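K.L.:
have a look; sequence and predicted model below, questions after that.
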2 protein chains.
Amino acid sequence: MYKKKLKGEKMMSGIAKTPEPPYYAVIFASQRTEADKGYGIMSEKMVELASKQKGFLGVESARDEELGITVSYWDSLESIKDWKDNAAHKIAQNKGKTEWYQNFSLRVCKVERHNFFEM
Amino acid sequence: MYKKKLKGEKMMSGIAKTPEPPYYAVIFASQRTEADKGYGIMSEKMVELASKQKGFLGVESARDEELGITVSYWDSLESIKDWKDNAAHKIAQNKGKTEWYQNFSLRVCKVERHNFFEM
């Protein structure tokens, strides 16, 4: 999975090591169609590309049979907008709407506080 | 899975049907230990219990081998605090720390905007 390919501590544990709040989160919940049609590859590429964007702080992702949730973290609303407008990302967004997703939701949030627990 | 047991439209599609922003989200990301030790049952019970709390707006959850993400939605910070302080939930929180989770993160966020897409 792409999670292991990313370099740096940000993805070491699957849990994003974000800096002190406030910062921003984009919560993307989705239900897939049955067709793969390049989804796996595109999904990896998008995470790789997002992680190179200015203002990217980390990403967390989980998917089971019913639902997928990806939360990406950003330093500002401006960085989120830049990522939304990224050309390659726009192509993926269109493919998402036409081919990969039955339903999805996107929420833009301000993270006000966080806690980490490590055994 | 518990997702199918919950009544009402809030959980129909796995994607929470939340009201217009602003509202609040708690993003809980976790890595499990190998031991089950009652995790499955407790996890179901906690979602059921949360959904009866005042101010609860919905929940989304996905888990794969690497990571679990549960996002619960609330009308206010006060409702989140009440849920945090719920007696049965406190017992589950302790079991989580001592038995179920290797690592977890908890983030409290204000949802500023959202979009839904349905095919």
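P.N.:
Here it is on my side, so go on. Computed from a prediction, not measured in an experiment: that's the story for all the values here. Numbering: from 1, shown residues only, chains lettered A, B, ... in the order given.
K.L.:
strands of chain A, start to end?
P.N.:
Assigned by DSSP state E, chain A shows strands spanning A:23-32, A:56-63, A:68-74, A:101-118.
K.L.:
looking at the ones you listed, which is buried most?
P.N.:
strand A:68-74 (a mean of 24; mean count of other C-beta atoms under 10 Å in any protein chain shown). Placement of C-beta: from N, CA and C, glycine included.
K.L.:
for the record, mean pLDDT for that one?
P.N.:
The average pLDDT within strand A:68-74 is 97.
K.L.:
near chain B, anything from it?
P.N.:
Yes: using C-beta under 8 Å from any C-beta of the partner chain, strand A:68-74 reaches chain B at A:68-69, A:71.
K.L.:
what does stretch A:97-108 rub up against?
P.N.:
Residues outside stretch A:97-108 that contact it (C-beta atoms under 8 Å, 6 or more residues apart in numbering or on different chains) are A:24-33, A:35, A:37, A:39, A:77, A:80, A:96, B:13, B:15-16, B:21, B:25, B:111-119.
K.L.:
in chain A, where's the longest helix?
P.N.:
helix A:39-52 (DSSP state H).
K.L.:
okay, and the beta partners of the residue most central in space within chain A?
P.N.:
For chain A, residue A:72 is the residue whose C-alpha lies nearest the centre (C-alpha atoms, centre = their mean; 4.1 Å). For residue A:72, the beta-bridge partners under DSSP bridges are residue A:26, residue A:59.
K.L.:
still on that earlier bit, just the residues of strand A:68-74 next to chain B now: which is nearest chain B?
P.N.:
Distance to chain B, by C-beta to the nearest C-beta, is smallest for residue A:69 among these, at 4.4 Å.
K.L.:
hmm, that closest one is touching residue A:25, no?
P.N.:
No: if you go by C-beta atoms under 8 Å, residue A:69 and residue A:25 don't touch, sitting 11.4 Å apart.
K.L.:
let's have the strands of chain A in CSV, adding distance to residue B:92.
P.N.:
Output for the strands of chain A, formatted as CSV (distance: least, C-beta to C-beta, whole Å):
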stretch, distance to residue B:92
strand A:23-32, 23
strand A:56-63, 20
strand A:68-74, 21
strand A:101-118, 14
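K.L.:
closest one to residue A:90 among these?
P.N.:
strand A:101-118 (14.1 Å; C-beta to C-beta).
K.L.:
what strands flank that closest one, and is each parallel or antiparallel?
P.N.:
strand A:23-32 (antiparallel), strand B:101-118 (antiparallel).
K.L.:
now the shortest one against strand A:56-63, angle please.
P.N.:
It stands for strand A:23-32. Here strand A:23-32 runs at an angle of 30 degrees relative to strand A:56-63 (axes from the mean of the first three to the mean of the last three C-alpha atoms, to 10 degrees).
K.L.:
tell me the angle of strand A:23-32 relative to helix A:39-52?
P.N.:
Using the same axes, to 10 degrees: strand A:23-32 against helix A:39-52 is 170 degrees.
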